[in-house]
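# I would like the atomic coordinates for the input below:
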Amino acid sequence: LELLGVFGAMCVALSVNVAIGVFALSVHYRAASEQVSFEPNVQSANAGQTENSLLPVFLMVAFFSGGAILGIELILLKLFAKVVPATLYSTASVMAAVTMVLFVSASIVSIWRPRYESCSKQLAFFCFAAAALTSLVPSLFVYYTGGLTAISSTSGVGVQLFLLGGSLLLLAGPALLAAGMVFPVLVRWYEHNEGDARGDRWGLLLAANSTGGLLGTKLTTSYLVPQYALYTTLIVIAVGYLLVGSFVYIRSQSSWFARAGLASALFVVFVACNSVSLPIFRQTGLQVVDHREGGEGSVTVAIGDATGMAVVYNNRELLGCERDYYKERRKAILSLLLHDKPQHVACISIGTGTVAGAALDYPGVERVDVVELSPLVTRTARAHFKHLSRNLFKDERVRILVEDGRTFIAASTGQYDVLIADLFRPWGLGVGRLCSLEHLQRCRHALRPNGVFCQWLPMHLISDQQFEVVLRTFSEAFPEPCLIHGHHSRHSVSHD
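A predicted model of the protein is given here:
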């Protein structure tokens, strides 16, 4: 990226993809011109004749395995986001650990090469094992983190990421190992059943696995997590492995596997009952009023003596509270005072709605657009903080838009007199884009003549080095900025 920029790097990626496609086509046409054929061995051919009806079973198991593996990975990402800062590096650490376990699973099957006669039994066994171990992950996670206490280290980023990856392997490694065995064993069974003469059948198997992964990801983030939350979603996936294992067991006709399946089912039921009492939130002195999970994370409304009613994101980040009501209002009023006659105002991020609500009280304001990426945060502000937002959700001058603030601002050229960007952590996953040069330039283009852009910075959450990077980038987009220092935050202001 530093050498070629975004456009150049994307061109390189596209070129590599095109080169791989050209190479694959050349291999295909070369094989066709030389009339290369792949004949199955006698054992495989015979197996294919006797068990050809198993193809729907293979496709079903491949589909479920792809969806379940990616579903577990997504749940692990969201669980660890509750106890470590959600950054690009922490996400990469979790994904690398999961990928490593799946690689080990596939390698074990490749070296072990189970016999054809036992493939169905082994497949059922690994499904039952994955069910039991996956259902155990929530309890292990809560116990390991001391009830969702933050995992931290003072030895630097490298040690922190190593600790995170090691924690994932310790807590979810056995479950991922068992789940990761399912598809490789299925492939081994399929190899004996079909041989390697039908490449299109292999394509169907891989397509089913990939499609399952795609739909499983969507189902997990859009339905299972919002509907059942993280712990119960893992139990649902465990039950799925039980059902698949039971379906495969019917083919094996083994009394031993019947007992193993029954034991696994009883264990999952026991753990599921226990997971109901597991904590979903940990903040000292706060009592939970409402808790919701979604594709973007978790949002908790809690009450405490020091904060009043507060909204907390991912068990870690305070988005706003009753105690800070007047401080939040000052963020809007100060921004608006810097303009001679503000009429059209936009707020990036809603929080409790206090900032946008304060803008409505300012004389002369005709329109307020509020852009919030998280549907959960928007719902929480509407349901629990009406008394702070000054009738924000009913005022005809207001538009509440649930979408990415970057794309909205990019499509709003010359629209606003004042643009207010709330407190962002530049090191957060995806949040750094809101402090990028490209986004700040688009913010400038979204302003009317003599417009004002105000960016609040949480100085208690960023280092001096990070602040200098943000300030330098801001100064490049707005050549004449003004910096206002507050008690806990700094306010970067620029006139267009």
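
# quick one: least confident helix or strand in the chain?
helix 42-50 (a mean of 44; mean pLDDT, DSSP states H and E).

# which is the next helix or strand following it?
Once helix 42-50 ends, the next helix or strand along the chain (criterion: DSSP states H and E) is helix 55-81.

# in that following helix, what's buried?
Applying a neighbour-count criterion of 16 or more other C-beta atoms under 10 Å, one finds 55, 57-59, 61-81 buried in helix 55-81. All C-beta atoms are positioned from the backbone trio N, CA, C, and that covers glycine.

# same check on stretch 14-25?
Residues of stretch 14-25 classed as buried: none (neighbour count, 16+ other C-beta under 10 Å).

# quick check, residue 422 in contact with residue 352.
No: contact between residue 422 and residue 352 fails when scored by C-beta atoms under 8 Å: they sit 10.6 Å apart.

# higher neighbour count, the two?
Taking neighbours as other C-beta atoms under 10 Å, residue 422 and residue 352 compare with residue 352 leading, 28 against 23.

# and the residue lying closest to residue 100 once chain neighbours are set aside, what element?
Nearest-residue entry for residue 100: residue 169, 7.9 Å, with adjacent residues in sequence omitted and distances by C-beta to C-beta, 6 or more residues apart in numbering. Residue 169 is part of helix 157-194 when elements are defined by DSSP H and E.

# for that helix, the distance to its chain's centre please.
19 Å (C-alpha atoms, centre = their mean, to the nearest Å).

# show me the contacts for residue 209.
62-63, 65-66, 183 (C-beta atoms under 8 Å, 6 or more residues apart in numbering).

# what is the most widely separated pair among those residues?
63 and 183 (10.3 Å; C-beta to C-beta).

# returning to that earlier point: export the helix or strand following the helix holding residue 169 as CSV, just CAs?
Later in the chain than helix 157-194, the nearest helix or strand by DSSP H and E is helix 199-219. Taking Å, rounded to 0.1, in the frame of the first residue of the first chain, the C-alpha atoms of helix 199-219 are listed here in CSV:
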residue,chain,number,x,y,z
GLY,A,199,-14.4,-33.9,-11.5
ASP,A,200,-17.8,-32.3,-11.7
ARG,A,201,-18.9,-34.3,-8.6
TRP,A,202,-15.8,-33.0,-6.7
GLY,A,203,-16.8,-29.5,-7.8
LEU,A,204,-20.3,-30.1,-6.4
LEU,A,205,-18.8,-31.1,-3.0
LEU,A,206,-16.6,-28.1,-2.8
ALA,A,207,-19.4,-25.8,-4.0
ALA,A,208,-21.7,-27.1,-1.3
ASN,A,209,-19.0,-26.5,1.3
SER,A,210,-18.4,-23.0,0.1
THR,A,211,-22.1,-22.2,-0.3
GLY,A,212,-22.7,-23.4,3.3
GLY,A,213,-19.9,-21.1,4.5
LEU,A,214,-21.4,-18.1,2.8
LEU,A,215,-25.0,-18.7,3.9
GLY,A,216,-23.9,-19.8,7.4
THR,A,217,-22.1,-16.5,7.9
LYS,A,218,-25.1,-14.6,6.8
LEU,A,219,-27.5,-16.7,8.9
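
# what comes up buried for helix 199-219?
Neighbour-count burial for helix 199-219 flags 201, 205, 208-209, 212-213, 216-217, 219 (criterion: 16+ other C-beta under 10 Å).

# avg pLDDT for the helix holding residue 169?
Helix 157-194 carries an average pLDDT of 87.

# same question, stretch 272-288
82.

# run through who's touching that stretch.
Applying C-beta under 8 Å, 6+ apart, the external contacts of stretch 272-288 come out as 135, 138-139, 142, 147-149, 229, 231-232, 235, 238, 291, 298, 300-307, 310, 312, 315.

# quick one, strands of this protein?
Using DSSP state E, the strands of the chain run over 286-294, 297-304, 308-313, 317-321, 344-348, 367-372, 398-402, 416-421, 447-458, 481-485, 489-495.

# show me what the longest one is packed up against.
Spelled out, it's strand 447-458. In terms of contacts (3 or more C-beta pairs under 8 Å, 6 or more residues apart in numbering; DSSP states H and E), strand 447-458 is packed against helix 325-337, strand 416-421, helix 437-445, helix 464-477, strand 489-495.

# ignoring the adjacent residues along the chain, who's closest to residue 216?
With sequence-adjacent residues excluded and distances taken as C-beta to C-beta, 6+ apart, residue 216 is closest to residue 67, at 2.3 Å.

# residue contacts, that neighbour?
212-213, 215-217, 219-220.

# and of the residues you listed, the nearest to residue 469?
Using C-beta to C-beta, the contacts of residue 67 come closest to residue 469 at residue 217, 32.9 Å.

# please report how far the spatially closest residue to that closest one that is not a sequence neighbour lies from residue 459.
Residue nearest to residue 217 in three dimensions, not counting chain neighbours: residue 70, with 4.9 Å by C-beta to C-beta, 6+ apart. Between residue 70 and residue 459 the distance is 38 Å, computed by C-beta to C-beta, to the nearest Å.

# great, nothing more from me.
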